[in-house]
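*Asks:* Let's see this in three dimensions:
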Amino acid sequence: MTAFPAWPSTPEGLVDLYPRNQDPTLRVNFIASLDGAVTVDGLSGGLHGPGDKEIFDSLRMVCDALIVGRSTVVAENYDALRLAGPARAWRREHGLSEFPLMVIVSDTLDVDPSQLVFADAPIPPLVITHAKAPAARLAGIAEVIVTGDDKIDLTVMMTELHARGATQLLSEGGPRLLGHLASANLVDELCLTISPLLVGGGPGRIATGAPGIPHRMSLRHVLSQQDMLFLRYARPVS
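*Replies:* Model prediction:
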């Protein structure tokens, strides 16, 4: 752990705390309750609080690509990845494309083409799937990338994105995707927001799926805003 900084007074202060890294990085952003619930009434919105949106927006601003599982895109009704004007200006000033890539991971390709994440996209989304998925159903609305014969290979996905120049990657879930990414040892950073709520039984945890090999992470900082906690963990420096 290197610091427990005060809440930044400017947007640039958040960028300093959640920077673009020199090396390729997969950063994951999640929120959970005090007792580990990932949703309230089926959605993450019930956990949100002061400071959460500022970090959420800053992480999107600095990334090259946003990776989200299909179930989360549908459940949370994702709209198009259109950043606000100041965020787009920041990206242009730093030599980045105006909008990050939207990357959707799906085994089934069971999506609604009229959902704004497709219909209003400033850049056609990339959809990561496998060879047995019905790719034809997304013709004209997304670029489909096949990464395996009968199941998605997330390591191949990472290689494909890096080859496109997308090295600063952000994932917002869901739990199934995080479980697979963690099991494949692909997560470089976890930005975890702790909401000051006790939700009780029912909702799942932030990662689901088959057990994997535990990987130790190092605490980089802790921020606080009106009882909300914002933790940034990263791989230990070797």
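*Asks:* rest of the way, CA atoms for contacts and neighbours
*Replies:* Fine.
*Asks:* low pLDDT regions in the protein?
*Replies:* Along the chain, the parts satisfying pLDDT under 70 run over 1-4.
*Asks:* All the strands of it, in order from the start?
*Replies:* Assigned by DSSP state E, the strands in the chain fall at 25-33, 65-69, 101-105, 126-129, 143-146, 168-171, 189-195, 218-225, 228-234.
*Asks:* which strands and helices sit next to the fourth one?
*Replies:* If I follow you right, that is strand 126-129. If you count contacts as 3 or more C-alpha pairs under 8 Å, 6 or more residues apart in numbering; DSSP states H and E, strand 126-129 packs onto strand 101-105, strand 143-146.
*Asks:* Pick the most buried one from these.
*Replies:* strand 101-105 (a mean of 24; mean count of other C-alpha atoms under 10 Å).
*Asks:* what are the pairing partners of it, and which direction each?
*Replies:* strand 65-69 (parallel), strand 126-129 (parallel) (DSSP bridges).
*Asks:* Just name the most buried of the ones you listed.
*Replies:* It is strand 126-129: most buried of those by mean count of other C-alpha under 10 Å, with a mean of 25.
*Asks:* tell me the centre residue of this structure?
*Replies:* Ser171 (1.8 Å; C-alpha atoms, centre = their mean).
*Asks:* State whether it and Arg27 are indeed in contact, as I suppose.
*Replies:* Yes: with contact defined as C-alpha atoms under 8 Å, Ser171 counts as touching Arg27 (6.3 Å).
*Asks:* on that earlier part again, okay, the strands of the chain in a markdown table with distance to Ala210 next?
*Replies:* Output for the strands of the chain, formatted as a markdown table (distance: least, C-alpha to C-alpha, whole Å):
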| stretch | distance to Ala210 |
| --- | --- |
| strand 25-33 | 19 |
| strand 65-69 | 17 |
| strand 101-105 | 18 |
| strand 126-129 | 19 |
| strand 143-146 | 23 |
| strand 168-171 | 19 |
| strand 189-195 | 19 |
| strand 218-225 | 23 |
| strand 228-234 | 22 |
